[in-house]
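A.B. asks: need coordinates for the following:
(one chain, ligands or ions: 1)
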Amino acid sequence: MWGIIATWRMAAEGVGKAADILKNGGDAGDAIETAVREVEDFPYYKSVGYGGLPNEEMEVELDAAYMDGDTLDIGAVAAIRDFANPVSIARRLSKEKVNNLLVGEGAEKFAHKEGFERKNMLTDRAKIHYRNRVKELTAQEIKPYSGHDTVGMVCLDTKGKMTTATSTSGLFMKKKGRVGDSPIAGSGFYVDSKIGGASATGLGEDVMKGCVSYEIVRLMRDGLHPQEACEKAVAMFDQELKERRGQAGDMSLIAMNNKGEWGVATNIEGFSFAVATENQEPIVYLTRHVDGKCVHEPASQEWLDDYMRTRMAPLEEK
Ligand code: GLY
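C.D. replies: Here you go, the predicted structure:
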């Protein structure tokens, strides 16, 4: 069995490429890196890689992680600037004995020495988004912290090896140096090939309070199906946060076990994700809540067309 699952519609093309690698007996590390790079390279996704939205100082600072479920190797970068593919740097760091999570200038120095591609990740389109948001903030009291669609993936290859990876530009207008859940093991991602893996998208500050990805893997170890594990972890933690703090940030989790069974849970409306397995051609699903449960339905062609049209529509300065 092989499979890959990923947060958001934006991962669909990458999931397709990973599926081609996996069905030919390829490695779960190569497949997931290929899939995440595809999202990082596409300029119209404004929350990951090239075209990602900048921090409040108009700099694109990126977070990414990679984990190998066989060895439990972890590599991650946080607040890295000017490199094309943070996920590849994270994967490279996972092979080090120590110094596995590097931030800011240290991450950039490492990437430079290792010969990773440098790139100015701030696009003209992202600059327009930035300037528009600054004007909106001046004109009205709106919260700056929105737009945190991290790509997170879990992958299983035919040899039973599992991997997980994340990549994000984090919160739009975040403080310089702010780091979310995505490069933090247990919060933004976790995988163990003996069990399965999980990954998160949402408000990092809240996801980190519950180590939600690890919690899902723990529940799968206790025998829960990935769908039950995701629903239980997300519902319980959403409730905890609301009880203790009055509100819970956005939280959407994907998971796959080492049999290729998968699950998804979210506390928002309109969450989309992409999945492919030996038994399932790459497909995009949308999740809705029915009687307190998460129900996944294939996205319609109309929804898919509209998604791309909206992402690529000309952007005007306000
Ligand atoms: N989940 C991404 C972030 O909060 O940065």
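A.B. asks: might you report the residue contacts of G188?
C.D. replies: The contact partners of G188, by Cβ atoms under 8 Å, 6 or more residues apart in numbering, come to 65, 150, 152, 166, 180-182, 199-200, 204, 207, 213. In this view, the C-beta of every residue, glycine as well, is placed from N, C-alpha and C.
A.B. asks: for the nearest residue to L53 once chain neighbours are set aside, which three-state class applies?
C.D. replies: Leaving out its chain neighbours, the residue that sits closest to L53 by Cβ to Cβ, 6 or more residues apart in numbering is F172, at 4.2 Å. Using DSSP: H, G, I helix; E, B strand; the rest coil, the structure places F172 in coil.
A.B. asks: how many residues are close by F172?
C.D. replies: 21 (other Cβ atoms under 10 Å).
A.B. asks: so which residues make contact with the helix or strand bottoming out on mean pLDDT in the chain?
C.D. replies: When each helix and strand of the chain is scored by mean pLDDT, DSSP states H and E, helix 124-139 comes last, with a mean of 87. By Cβ under 8 Å, 6+ apart, the list of residues contacting helix 124-139 from outside reads 43-44, 46, 51-54, 58, 60, 142, 144, 172-173, 315-318.
A.B. asks: which among those end up buried?
C.D. replies: 43, 46, 51-54, 60, 172-173 (16 or more other Cβ atoms under 10 Å).
A.B. asks: which ones are touching the residue of the stretch 1-150 of the chain found nearest the ligand?
C.D. replies: The stretch 1-150 of the chain approaches the ligand most closely through T150 (4.2 Å), counting by Cβ to the nearest ligand atom. Counting by Cβ under 8 Å, 6+ apart, T150 touches 7, 47-48, 166-168, 170, 180-182, 188, 200-202.
A.B. asks: tell me the buried residues in the least confident helix or strand of the chain?
C.D. replies: Using 16+ other Cβ under 10 Å as the test for burial, helix 124-139 gives 125-126, 129-130, 133.
A.B. asks: what helices or strands is the helix or strand just after that helix leaning on?
C.D. replies: Using DSSP states H and E, the helix or strand that follows helix 124-139 towards the C-terminus is strand 151-156. On a contact count with 3 or more Cβ pairs under 8 Å, 6 or more residues apart in numbering; DSSP states H and E, strand 151-156 meets strand 3-7, helix 12-23, helix 28-41, strand 162-168, strand 196-202, strand 251-257.
A.B. asks: between strand 151-156 and strand 162-168, how many degrees?
C.D. replies: 170 degrees (axes from the mean of the first three to the mean of the last three Cα atoms, to 10 degrees).
A.B. asks: in what helix or strand does D305 lie?
C.D. replies: helix 301-312.
A.B. asks: contacts for that helix?
C.D. replies: With Cβ under 8 Å, 6+ apart as the test, helix 301-312 has contacts from 9, 44-45, 272, 284, 286, 299.
A.B. asks: one more time with 7 Å, if that's ok
C.D. replies: Residues outside helix 301-312 that contact it (Cβ atoms under 7 Å, 6 or more residues apart in numbering) are 9, 44, 284.
A.B. asks: is the second one in a helix, a strand, or coil?
C.D. replies: Same thing as Y44. For Y44, the assignment made with three-state DSSP gives coil.
A.B. asks: the nearest residue to it once chain neighbours are set aside: how many residues sit nearby?
C.D. replies: Of all residues not flanking Y44 in the chain, R311 sits nearest, at 4.6 Å (Cβ to Cβ, 6+ apart). Per other Cβ under 10 Å, the neighbour tally for R311 reads 15.
A.B. asks: what about A76, which helix or strand?
C.D. replies: Applying DSSP H and E as the criterion places A76 in strand 74-80.
A.B. asks: what about G204, distance to the ligand?
C.D. replies: Per Cβ to the nearest ligand atom, to the nearest Å, G204 is found 2 Å from the ligand.
A.B. asks: now do the phi/psi pair for the residue lying closest to that residue once chain neighbours are set aside.
C.D. replies: Closest residue to G204 apart from its sequence neighbours, by Cβ to Cβ, 6+ apart: G180 at 2.5 Å. Phi and psi for G180, reported as degrees, to the nearest 10, are phi -100, psi -160.
A.B. asks: what is the neighbour count of G180?
C.D. replies: Neighbourhood size, G180 [other Cβ under 10 Å]: 27.
A.B. asks: pretty sure it is touching D63, no?
C.D. replies: Yes: the pair formed by G180 and D63 meets the contact definition of Cβ atoms under 7 Å, at 6.2 Å.
A.B. asks: pairing partners for the nearest residue to V191 once chain neighbours are set aside in the sheet, please.
C.D. replies: In this structure, V191 finds its nearest non-sequential neighbour in G197, 3.0 Å apart by Cβ to Cβ, 6+ apart. G197 has these beta-bridge partners by DSSP bridges: V191, M256.
A.B. asks: next one: G197, what pLDDT does it get?
C.D. replies: G197 carries a pLDDT value of 99.
A.B. asks: got a list of what it touches?
C.D. replies: Contacts of G197 (Cβ under 7 Å, 6+ apart): 69, 154, 162, 164, 190-191, 217, 255-256.
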